[in-house]
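Novice: Next comes the sequence, and after it the predicted model I'd like to discuss.
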Amino acid sequence: MTRHEEIYRSIRNDISSGKITPGERLPSVRELAKRFGSSPGTVAQTLNRLRFEQIIVSRQGAGCFASGRSAPPKYLVVFGRGGQHLFEDYIQGFYALLGHEPGYSVTLEDVGAANFSVDAAMSKLGQMAKAGMLGGIFMEGTQDVIYTIDQMNEFKKLSNQLYVYGCATKQFLRANIPGVSVDWREAGYLQTRYLLDSGCRNIVLEPILEELIPGMEDALREFKGKVRVHFTGKLRLADTILRSPERFDGIAMFSDHCIAKIMPSLKQRGYGNPAIVGLFHTPWSREFNFASVDIRPLEMVRLIADMFRGRIPPKLHECKPVLAPPSNETLLCNPLSEVFLKN
C-alpha cells in the first residue's frame, strides 16, 4: 500500500467511524505529515482527493474540516457466482473478512447470471470509479469467463486494488494481476498419493487443468510399486469409467459434484469398493463421505484481504491445498451402499 493510500484510508475511516465528527477541524498538513512519516506534498495530494470526494471541506485560512455529510461507502466488487457449492465459500469469506472494513461495502457481480456481460460490468465499474466509489475489484480466476488482455488492462486502470482469486488462468498471468491461486501441482499430488496410499494399483485420473499433471506425475514417480494409470481427456472421465471393460480400484475426479453424479452408474456397473477422491471439498464430499482435496478458499480470501490492507506484498501467491479424508473409512470402502443411494 502506498503512503498516499495509507493516509487517505486512515482519514476517511476516522470520518466514517465518527472518530472525526462532522465539522471537526483536521490537523494541519505539517501535523499529518509528521504523524504518518510522510511529506507535506503527499498529504496535500491526499487532502485534495478527500475534497474532491466531498469527504472534507476547506475554509479560507482556517484549514480542512470533516464534511457535514457522511462519507459514501466505497464498493469492493467481487466477481463470483452465488448459490454454487464451488464458489460460495469465497463469497462468504469476502463478506466476513472485508464486509466490516470501515468505509467499504462488499457487493457481488454475479458472473453466473444469465445476463452477465463483461462489457456491462466494466461500464458499471467505470461509473463507480468516476464517482469515487470504487474501492477494489476481486476477480474469480476461471476459464468459464474469458477476458481479453485489453479488458484486463482496462480493469487495472479502474482500480489499483485489483486481485484474482481461485485459479489464475493465463489471461490473469499475462496481465500481471496479483492475488491468490491454488497450488494445483500440490492438488494433483495429493489426489494421486491418496489413491496409492489406499492400496490402489489400477487408477484413473482426470487432469482437466493441465497444472494438475506435474503433481500427479510427482506422486507416481515417488511410488516404488507397480501401478496402472489411465489419464482421461477433459470431462471424459465418466465415460472412461462407465464404458471401460476394466475395473478401476481408484478414481480421482476434478470435482466432488461429478463424483456424486456417477455413483448410481458405478453401482449398476458392479463397482463395490473403489477408493475415490474428489476436488474442492464441497458439501458433496462431506454429505456422501468420500475423500477430497480442500483448496482452502477462506485462506485464499484471507491472503487477499491482507494484500488489500497492505500487510503483505501485492503479488500472485499460491495457497497449498490439504487432503480432507472421509470421516468414516468404513463408508469409503462401500461408497455405493443403499444408504448412500437414498440420499
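Specialist: Perfect, I can see it now.
Novice: Just the pLDDT at residue 70, thanks.
Specialist: Note on residue 70: pLDDT of 64.
Novice: and what of residue 283?
Specialist: Taken from the predicted model, the pLDDT recorded for residue 283 is 86.
Novice: so what's it up against?
Specialist: By CB atoms under 8 Å, 6 or more residues apart in numbering, the contact set of residue 283 is residue 85. Where you see a C-beta, it was placed from the backbone N, CA and C, and this is true even at glycine.
Novice: quick one: it from residue 85, how far?
Specialist: Distance from residue 283 to residue 85, counting by CB to CB, to the nearest Å: 5 Å.
Novice: I'd like the distance from the residue in the chain sticking out farthest from the centre to residue 44, if you could.
Specialist: Residue farthest from the centre of the chain, counting by CA atoms, centre = their mean, is residue 61 at 48.6 Å. As judged by CB to CB, residue 61 and residue 44 stand 16 Å apart.
Novice: And the helices in the stretch 201-343 of the chain?
Specialist: Secondary structure of the stretch 201-343 of the chain by DSSP state H, counting those that start in this stretch: the helices cover 213-222, 237-243, 256-268, 283-288, 297-308, 329-333, 338-342.
Novice: tell me which strands and helices the third one is in contact with?
Specialist: Yep, that's helix 256-268 we're talking about. helix 85-98, helix 237-243, strand 275-279, helix 283-288, helix 338-342 (3 or more CB pairs under 8 Å, 6 or more residues apart in numbering; DSSP states H and E).
Novice: how far does the following helix or strand past the first one sit from the chain's center?
Specialist: Stepping forward along the backbone from helix 85-98, the first helix or strand reached (DSSP states H and E) is strand 104-110. A distance of 14 Å separates the C-alpha centroid of strand 104-110 from that of its chain, computed with CA atoms, centre = their mean, to the nearest Å.
Novice: Could you do stretch 287-304 as well?
Specialist: If you compare the mean C-alpha spot of stretch 287-304 with that of the full chain, they lie 11 Å apart, counting by CA atoms, centre = their mean.
Novice: Kindly report the same for stretch 111-129.
Specialist: How far stretch 111-129 lies from its chain's middle: 19 Å, per CA atoms, centre = their mean.
Novice: quick one: buried residues of it?
Specialist: Within stretch 111-129, the residues that count as buried by 16 or more other CB atoms under 10 Å are 111, 118, 121, 125, 128-129.
Novice: possible to save these as CSV with pLDDT, secondary structure and distance to residue 231?
Specialist: Conversion of the buried residues of stretch 111-129 to CSV gives the following (pLDDT from 0 to 100; DSSP: H, G, I helix; E, B strand; the rest coil; distance: CB to CB, whole Å):
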residue, pLDDT, secondary structure, distance to residue 231
111, 89, coil, 30
118, 92, helix, 33
121, 94, helix, 37
125, 97, helix, 41
128, 94, helix, 45
129, 94, helix, 45
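Novice: Nearest to residue 35 among those residues?
Specialist: The closest of these to residue 35 turns out to be residue 129 (CB to CB; 28.6 Å).
Novice: Spatially, what comes nearest to that closest one if we skip its sequence neighbours?
Specialist: By the measure of CB to CB, 6 or more residues apart in numbering, the closest residue to residue 129 outside its immediate chain neighbours is residue 158, 4.8 Å from it.
Novice: Who are the contact partners of the one you found?
Specialist: Applying CB under 8 Å, 6+ apart, one finds that residue 158 lies in contact with 122, 125-126, 129, 134, 137.
Novice: how many other residues sit next to the closest residue to residue 22 other than its chain neighbours?
Specialist: Spatial nearest neighbour of residue 22, chain neighbours left out: residue 68 (4.6 Å); criterion: CB to CB, 6+ apart. Other residues lying near residue 68 total 10 when counted by other CB atoms under 10 Å.
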